[in-house]
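In: coordinates only, sequence not included:
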């Protein structure tokens, strides 16, 4: 009843779609210009003549991001370097996955690819992205003012982007504040799709889904901790709820030190899991542990976030539910009265067609993944530049390592006496020494 009343109050106060909150929601970048090769945390950026690297703006387990400027038009961009991208199969697969997903997605609230640079030797992957001066983690845990209007606008954009992602049958699986990029105009974009997976109906995939590293522990849904074997879009909605709570309180809601502590923190707020969840716990040892704990009632959200408006807490309560079937979906969350100021069903697009994860289900060698990444880069440039005939244009100095040997000049090239001409997305086997990615539709002969 209280939840419904809160929603009615917010509905009455809603009105027309509002403007975003004031500028300055993000901690901006800036700094002196650097030389062409800028050293960032012992990582050298070799980006050619097109870009001028400025400074490091972010680091993570899978790459370093620096701000940069295009020399020809002065456009500000971010360049992400994934050092040693091909040393480990899992890292190479992650790189391939993120490239394919970001090429497929086109949405205001998802980070966009502007360019993909040629692979270097030793292999390092450089992706040129939208420049976002900060991320939500930096904003939340700084002295930067963060009003309820900022929270509302950030949450709306997160859900708007997630609706698009989920409509493509993609689960992000690693939503957290540091993966939500923000600029000075309060614009938010979802990034880091290396852990994303398809939403499949095959129950045989459930065990593999669980055993993979899924989401930073603090934002991990209970079904992943409790082995519920029910993995749906609701795992991302739990993460959104944790991020929402972190914006409201400016501290992590469930900062567990380990798996057991994580469960304890969740139960300290949500109370004992309901009987439906208890019955669905797949691991006997986990079920026995949870049942051994004394019963706990849930803590009212207003006790934790007393300054938040009732509609905000009503929506938060719909996101953070033990049972994933009871969690609010992204489309319904966008319609919630707390977000009425921004909600516009005509401006919350879905992704058509859905993303195809067939490549991710195949077991590929490191060399095959390298070839696939090279093909993705060639495909990106060909599509961007409107190439219709031969596979590539002048990528002088491109060196493909491994069994391929060296390709110098065009990707439609002369090698060992063979002239290769193909169409978009084609790399060709020659004497068993190249990979086949796509198919050859042009000419192959002396």
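Out: Perfect, thanks for sending it. Everything numeric in this text was worked out from a predicted model, so none of it was measured. Numbers count the residues shown, from 1 in each chain.

In: ranges for the helices of the stretch 201-350 of the chain?
Out: Under the criterion DSSP state H, counting those that start in this stretch, the stretch 201-350 of the chain contains helices at 206-211, 222-225, 234-249, 259-270, 275-280, 284-292, 301-304, 310-319, 330-334.

In: next one: phi and psi at residue 55?
Out: Dihedral pair for residue 55: phi -160, psi 160, per degrees, to the nearest 10.

In: any low-confidence regions in the stretch 301-446 of the chain?
Out: 386-446 (pLDDT under 70).

In: Walk me through which strands the host helix or strand of residue 80 pairs with, and which way each runs.
Out: For residue 80, the element it lies in under DSSP states H and E is strand 76-83. In the sheet, strand 76-83 lines up against strand 63-70 (antiparallel), strand 124-129 (antiparallel) (DSSP bridges).

In: Over to the nearest residue to residue 67 once chain neighbours are set aside. Which of the three states is it?
Out: Nearest non-adjacent residue to residue 67, counting by CB to CB, 6 or more residues apart in numbering: residue 54, 4.4 Å away. From N, CA and C alone the C-beta is placed, and that goes for glycine too. State at residue 54, reduced to three classes by DSSP: H, G, I helix; E, B strand; the rest coil: strand.

In: Residue 54 reaches residue 70, doesn't it?
Out: No - taking contacts as CB atoms under 8 Å, residue 54 lies outside contact range of residue 70: 11.6 Å.

In: Now tell me what touches the strand holding residue 80 from outside.
Out: 43, 45, 47, 51, 53, 57, 62-70, 91, 95, 114-115, 117, 124-132 (CB atoms under 8 Å, 6 or more residues apart in numbering).

In: Can you turn the buried part of those residues into a ChimeraX selection?
Out: Buried residues among these (16 or more other CB atoms under 10 Å), as a ChimeraX selection:
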select :45,47,51,53,57,62,63,64,65,66,67,68,69,91,95,114,115,117,124,125,126,127,128,129,130,131,132
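
In: Can you give me the buried ones in the helix or strand containing residue 157?
Out: Using DSSP H and E, residue 157 falls within helix 148-167. Judged by neighbour count using 16+ other CB under 10 Å, the buried positions of helix 148-167 are 149-167.

In: Tell me the first helix or strand C-terminal of it.
Out: Next along the chain after helix 148-167, taking DSSP H and E as the criterion, comes strand 170-171.

In: Run a quick neighbour tally on the residue nearest to residue 67.
Out: By other CB atoms under 10 Å, the residues close to residue 54 number 22.

In: Now residue 194. Nearest residue, chain neighbours left out?
Out: Nearest residue to residue 194, sequence neighbours excluded (CB to CB, 6+ apart): residue 94, at 3.9 Å.

In: Check the contact between that neighbour and residue 196; I expect there is one.
Out: No - counting by CB under 8 Å, residue 196 is not a contact partner of residue 94; they are 9.5 Å apart.

In: one step back: among the helices of the stretch 201-350 of the chain, which comes closest to residue 375?
Out: Residue 375 sits nearest to helix 206-211 of all these, at 25.9 Å, using CB to CB.

In: could you give me the average pLDDT of the closest one?
Out: Across helix 206-211, the average pLDDT comes to 51.

In: quick revisit: which residues does the next helix or strand after the strand holding residue 80 contact?
Out: Using DSSP H and E, the helix or strand that follows strand 76-83 towards the C-terminus is helix 89-104. Outside helix 89-104, the residues that touch it by CB under 8 Å, 6+ apart are 62, 82, 84-86, 110-113, 116, 125, 127, 168, 170, 192-196, 351, 355, 359-360, 364-366, 369-370, 372-373, 376-377, 379-380.

In: So which of the residues you listed sit within strands?
Out: 82, 113, 116, 125, 127, 170 (DSSP state E).

In: Output those as CSV; include the columns pLDDT and distance to residue 143.
Out: Putting these into CSV (pLDDT from 0 to 100; distance: CB to CB, whole Å) gives the following:
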residue, pLDDT, distance to residue 143
82, 80, 32
113, 93, 33
116, 89, 37
125, 76, 35
127, 90, 32
170, 96, 36
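
In: can I get these in TSV with distance to residue 245?
Out: TSV is the format used below for the ones in strands among the contacts of helix 89-104 (distance: CB to CB, whole Å):
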residue	distance to residue 245
82	31
113	31
116	36
125	35
127	31
170	24
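
In: low-confidence ranges in the stretch 151-300 of the chain?
Out: Checking the stretch 151-300 of the chain against pLDDT under 70 turns up 200-215.

In: which among the ones in strands among the contacts of helix 89-104 gets closest to residue 178?
Out: Lowest distance from residue 178 to these (CB to CB) belongs to residue 82, with 16.5 Å.

In: Which residues does that closest one form beta bridges with?
Out: residue 125.

In: Return the distance of it relative to residue 125.
Out: In this view, residue 82 and residue 125 are 4 Å apart by CB to CB, to the nearest Å.

In: Would you mind measuring from the closest residue to residue 156 other than its chain neighbours to residue 246?
Out: Once flanking residues are discounted, residue 156 sits nearest to residue 342: 4.3 Å by CB to CB, 6+ apart. Distance, residue 342 to residue 246, by CB to CB: 20 Å.

In: ditto for residue 59
Out: In this view, residue 59 and residue 246 are 21 Å apart by CB to CB.

In: From residue 131, how far out is the residue nearest to residue 67?
Out: 10 Å.
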